[in-house]
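Colleague: sequence unknown, structure follows:
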């Protein structure tokens, strides 16, 4: 009986984390698309930056893709 509840709890936690990662990935994709199409295309090669973009926005309130694009544009104009 204990093993059943333990496996169910672990399964529910894994499912919750998987859903959270997918939501963060989609949110990061939207943030990246708003910032730059080129940044989005580059991030599609790796996929992980979208999750990081979403987590950073929710955790710290920083729009990381916009900051990256602004830094790159600022550097190219000097």
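Modeller: Perfect, I can see it now. Computed from a predicted model, the values in this text were never measured in an experiment. Numbers count the residues shown, from 1 in each chain.
Colleague: rest of the way, CA atoms for contacts and neighbours
Modeller: Noted.
Colleague: just give me the neighbour total for residue 23.
Modeller: 16 (other CA atoms under 10 Å).
Colleague: distance of it from residue 69?
Modeller: 23 Å (CA to CA, to the nearest Å).
Colleague: before we move on, what about residue 12?
Modeller: 38 Å.
Colleague: settle it for me: which of these two has more neighbours?
Modeller: Neighbour totals were compared for residue 12 and residue 69, and residue 69 leads with 16 against 12 (other CA under 10 Å).
Colleague: host element of that one?
Modeller: Using DSSP states H and E, residue 69 sits within helix 64-76.
Colleague: for that helix, packing partners?
Modeller: Judged by 3 or more CA pairs under 8 Å, 6 or more residues apart in numbering; DSSP states H and E, helix 64-76 is in contact with helix 2-35, helix 48-60.
Colleague: tell me who's in contact with the most centrally placed residue in the chain.
Modeller: The chain has residue 51 as the residue nearest its centroid, 1.8 Å off, counting by CA atoms, centre = their mean. Contacts for residue 51 (CA atoms under 8 Å, 6 or more residues apart in numbering) come out as 21-22, 24-28.
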